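**Q** Below are the sequence and a predicted model for it; my questions follow.
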Amino acid sequence: MKHLNEKRLEKVILPTRVQNHELRGNDKAYYIKSDNTIDELDSKREYDLNELQEMVGGYIQVIYNLPDDKIMIINEEGKLMKHDFNFYATNLALYNRSIASDDCVVGDAVVLNHKQLT
């Protein structure tokens, strides 16, 4: 995993920029942590269920409607388990209308192309 610095982070996730910059037209995958850090994942490989469950800390839930067939994987029980609010994942999902306007993402999230799932 390659950790992204703050300048790059701003370009990747801020809602007003995400449509035109990082998510469209590339195969990059991201690990968006609730501590406001984002790591770039290896986009050349596939991820299995056990690996994704380990990354998000439990059963997975898939959020659709991100650009270019990307999906967001989150912990299905994150709110019940009182995971921390994930600012960047929430903004990304809200900007793309992938979640309701009164909803949020908690805990760590993984954004990848649906073809990377095994």
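**A** Sure, I can see it. Numbers count the residues shown, from 1 in each chain.

**Q** mind listing the strands in the chain by residue range?
**A** With DSSP state E applied, the chain shows strands at 2-3, 29-32, 38-41, 60-63, 70-75, 109-113, listed in chain order.

**Q** got the CA positions of the longest one in CSV?
**A** Which is strand 70-75. Provided in CSV are the C-alpha atoms of strand 70-75 (Å, rounded to 0.1, in the frame of the first residue of the first chain):
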residue,chain,number,x,y,z
LYS,A,70,-16.2,1.3,-8.7
ILE,A,71,-17.8,0.1,-5.5
MET,A,72,-17.2,1.0,-1.9
ILE,A,73,-16.9,-1.9,0.7
ILE,A,74,-17.8,-1.0,4.3
ASN,A,75,-18.6,-2.9,7.5
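
**Q** Mind listing residues that contact it?
**A** With CB atoms under 8 Å, 6 or more residues apart in numbering as the test, strand 70-75 has contacts from 23, 52, 55-64, 66, 81, 83, 86, 89, 92-93, 98, 105-114, 117. Heads up, the C-betas are built off the backbone N, CA and C, glycines and all.

**Q** ok, now with 6 Å
**A** Residues from elsewhere that reach strand 70-75 (CB atoms under 6 Å, 6 or more residues apart in numbering): 23, 52, 56-58, 60-64, 105, 107, 109-111, 113-114.
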